[in-house]
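>>> Quick one, what's the 3D model for this:
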Amino acid sequence: MMIKEKVLHKVYTSHKDVISPKRVYRSLIKQAVIMTLQEQHVNVPCVVNVLITNGKVIRKYNSEYRGIDKSTDVLSFPMQVFDGAGWENISALEIDEDTGLLPLGDIVMSIEHIRRQARTYGHSVEHETSYLTIHSTLHLLGFDHIDEQDKRQMRDLEKFIVKNMGYFNDN
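This is a model prediction of the structure:
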């Protein structure tokens with residue numbers, strides 16, 4: 001009998017200009033990243049950094065890195081190159097020699113947007129936190145939603161992973 005080795009990914013969360021997020025949110029973020037990586041069969045140990053902040057700080061990042069001077073819910077900063085969406089389309093691995101981990105990228109999330117969107121869509125803050133983390137992690141893996149086909153593929157994956165985390169609201 002062949003035993004499948006579990007890949008150990010690292011997810012680091014930090015916060016800036018917000019009260020320290022509850023452990024449950026940090027735990028959900030880690031779970032959502034890891035479940036997304038597992039769903040995409042990422043077989044190399046990766047590291048993902050997540051910054052939880054407010055609308056003012058994320059607006060600064062959005063303006064500086066995307067040239068869009070407005071607040072947003074989540075930003076993704078991939079550190080790897082993909083020829084298409086999904087792990088099987090990674091161009092080359094740039095593993096950190098010191099840690100042995102593949103730096104997948106960074107995520108910046110606005111807790112204000114998370115709370116507001118949870119109210120708007122009629123689901124929990126935990127659901128919205130999980131959804132946005134999954135969405136952003138998929139971006140780190142080369143997914144995008146520029147055209148309708150890509151948007152549908154990404155949305156279907158997001159729904160599937162959110163449901164596997166125990167959230168069943170399809171909003």
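
>>> State whether E126 is indeed within a helix.
Yes: if the criterion is DSSP: H, G, I helix; E, B strand; the rest coil, then E126 is within a helix.

>>> what about the strands in this protein?
Taking DSSP state E, the strands of the chain run over residues 10-15, 46-53, 74-78, 102-110.

>>> These: which one's closest to Q31?
Minimum separation from Q31 across these (CB to CB) falls at strand 10-15, 8.7 Å. In this view, the C-beta of every residue, glycine as well, is placed from N, C-alpha and C.

>>> Can you tell me what sits against the closest one?
21, 26, 29-30, 33-34, 45-53, 101 (CB atoms under 8 Å, 6 or more residues apart in numbering).

>>> of those, the lowest pLDDT goes to which?
Note: of those, the lowest pLDDT belongs to P21, at 67.

>>> circling back to that earlier point, D156 is nearest to which of the strands of the chain?
Closest among these, once you apply CB to CB, is strand 74-78, at 18.5 Å.

>>> got the angle between the closest one and strand 46-53?
Per axes from the mean of the first three to the mean of the last three CA atoms, to 10 degrees, the angle that strand 74-78 makes with strand 46-53 is 150 degrees.

>>> how distant is strand 74-78 from the center of its chain?
Offset of strand 74-78 from its chain centre (CA atoms, centre = their mean, to the nearest Å): 8 Å.

>>> Identify all contacting residues around that strand.
Contacts of strand 74-78 (CB under 8 Å, 6+ apart): 58, 61-62, 65-66, 104-110, 113, 132-133, 135-137, 139-142.

>>> Many thanks, have a good one.
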